[in-house]
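Novice: show me how the following folds:
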Amino acid sequence: MALRDQPYLPLYVQDIMTDEKLNECSAATHGIYIKGIMCLMHKSDPYGKILLKQKYKQTDKQILNFASQLAKNLLYTENEISLALTELINEQVCFIEGDYLIQKRMVKDNEISEKRALAGKKGGDQTQKKPIKDKDFAKAKTEANPEDEDEDNIIRNTLNNKGVDFDFFWTMYDKKVGKKEAIKKKWDKLSVSNQNLILEHLPAYKLSQPDKSFRKHPETYLNKESWLDEIIMKSQINTNKVPAQKESRLDQAKKLYNG
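Specialist: Numbering: from 1, shown residues only. Down below sits the predicted model:
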């Protein structure tokens, strides 16, 4: 199913809160962007892009033209939208290319979604060729763990005997630092089984390190074979730590009085 057909918007809360470019924009721009523009882009085809219609091409300034069009669908004035678009474009949160207003992250998410859908179709075709016993087992596992179904399917349908495309790993790891070409060479040298192990390991590893600034560089992750490491959640680290109780002013006063 295409992302624009989903009843929800994949909103990456941590990314929104820590986006340095977006944080340079005003509070009003935040509201127009998140509550308005992103929602329209979610319903657009192609996903993540808004096409400027011919009837709104009234000036030689695309921002004003888009503001005029968006004002018909949003609860904001043309002036408010124009100011917001100017900020978003100046801070490179969005950009205009020809007759399209584009949000790169949403466009990239759609490309990944389409690749996963294609991988899922191929995986489904292969599943149809397996014995009925295997299909019954898969069905029973899904019914027993419905909350894990989506994540499991994404990974399972990507695993194969021909290796995993580097771009899928690069996007999934979601910490784009280091020389991509060098990291790609390391990835391509890995065995198919190790590539598959990495894709199985990454979701839990990212969950243990939700702040990507604390996540290992992808090159370090591959060099040290970190997919073989035990994953320790922050909740596990703090389990045995009992915070010391601070003595209240009342208790201090009682001690002085009784002493």
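Novice: pLDDT below threshold where in the stretch 151-259 of the chain?
Specialist: 151-163, 234-259 (pLDDT under 70).
Novice: where do the helices sit along it?
Specialist: 166-173, 180-189, 192-208, 218-223, 234-237, 249-258 (DSSP state H, counting those that start in this stretch).
Novice: columns mean neighbour count and distance to residue 102 on top of the ones you listed, output as JSON lines?
Specialist: All C-beta atoms are positioned from the backbone trio N, CA, C, and that covers glycine. Output for these, formatted as JSON lines (neighbours: other CB atoms under 10 Å; distance: least, CB to CB, whole Å):
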{"stretch": "helix 166-173", "mean neighbour count": "17", "distance to residue 102": "18"}
{"stretch": "helix 180-189", "mean neighbour count": "14", "distance to residue 102": "22"}
{"stretch": "helix 192-208", "mean neighbour count": "16", "distance to residue 102": "26"}
{"stretch": "helix 218-223", "mean neighbour count": "17", "distance to residue 102": "26"}
{"stretch": "helix 234-237", "mean neighbour count": "10", "distance to residue 102": "36"}
{"stretch": "helix 249-258", "mean neighbour count": "9", "distance to residue 102": "58"}
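Novice: save the ones you listed as TSV, and put in distance to residue 98 too.
Specialist: Listed next are the helices of the stretch 151-259 of the chain as TSV, based on distance: least, CB to CB, whole Å:
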stretch	distance to residue 98
helix 166-173	25
helix 180-189	27
helix 192-208	35
helix 218-223	33
helix 234-237	45
helix 249-258	67
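Novice: among these, which comes closest to residue 32?
Specialist: helix 166-173 (28.1 Å; CB to CB).
Novice: and the closest one, what does it pack onto?
Specialist: helix 104-128, helix 180-189, helix 192-208, helix 218-223 (3 or more CB pairs under 8 Å, 6 or more residues apart in numbering; DSSP states H and E).
Novice: rerun that using 7 Å as the cut-off
Specialist: Other elements packing on helix 166-173 under the criterion 3 or more CB pairs under 7 Å, 6 or more residues apart in numbering; DSSP states H and E are helix 180-189, helix 192-208.
Novice: tabulate the ones you listed in a markdown table, adding columns for distance to residue 38.
Specialist: Formatted as a markdown table, the helices and strands packed on helix 166-173 follow (distance: least, CB to CB, whole Å):
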| stretch | distance to residue 38 |
| --- | --- |
| helix 180-189 | 28 |
| helix 192-208 | 23 |
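Novice: between these, which one is nearest to residue 39?
Specialist: Judged by CB to CB, the one of these that comes nearest to residue 39 is helix 192-208, at 26.4 Å.
Novice: quick one, that closest one and helix 166-173 angle?
Specialist: 20 degrees (axes from the mean of the first three to the mean of the last three CA atoms, to 10 degrees).
Novice: mind exporting the C-alpha coordinates of helix 192-208 to PDB?
Specialist: Provided in PDB are the C-alpha atoms of helix 192-208 (Å, rounded to 0.1, in the frame of the first residue of the first chain):
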ATOM      1  CA  VAL A 192      25.100 -12.900   2.600                       C
ATOM      2  CA  SER A 193      24.500 -14.600   6.000                       C
ATOM      3  CA  ASN A 194      26.200 -11.700   7.800                       C
ATOM      4  CA  GLN A 195      24.200  -9.100   5.800                       C
ATOM      5  CA  ASN A 196      21.100 -10.900   6.900                       C
ATOM      6  CA  LEU A 197      22.200 -11.000  10.500                       C
ATOM      7  CA  ILE A 198      22.800  -7.300  10.400                       C
ATOM      8  CA  LEU A 199      19.300  -6.500   9.200                       C
ATOM      9  CA  GLU A 200      17.900  -8.700  12.000                       C
ATOM     10  CA  HIS A 201      20.100  -7.000  14.600                       C
ATOM     11  CA  LEU A 202      19.600  -3.300  13.500                       C
ATOM     12  CA  PRO A 203      16.000  -2.700  14.700                       C
ATOM     13  CA  ALA A 204      16.800  -3.700  18.300                       C
ATOM     14  CA  TYR A 205      20.100  -1.900  18.200                       C
ATOM     15  CA  LYS A 206      18.500   1.300  17.100                       C
ATOM     16  CA  LEU A 207      15.900   0.900  19.800                       C
ATOM     17  CA  SER A 208      18.700   0.700  22.300                       C
END
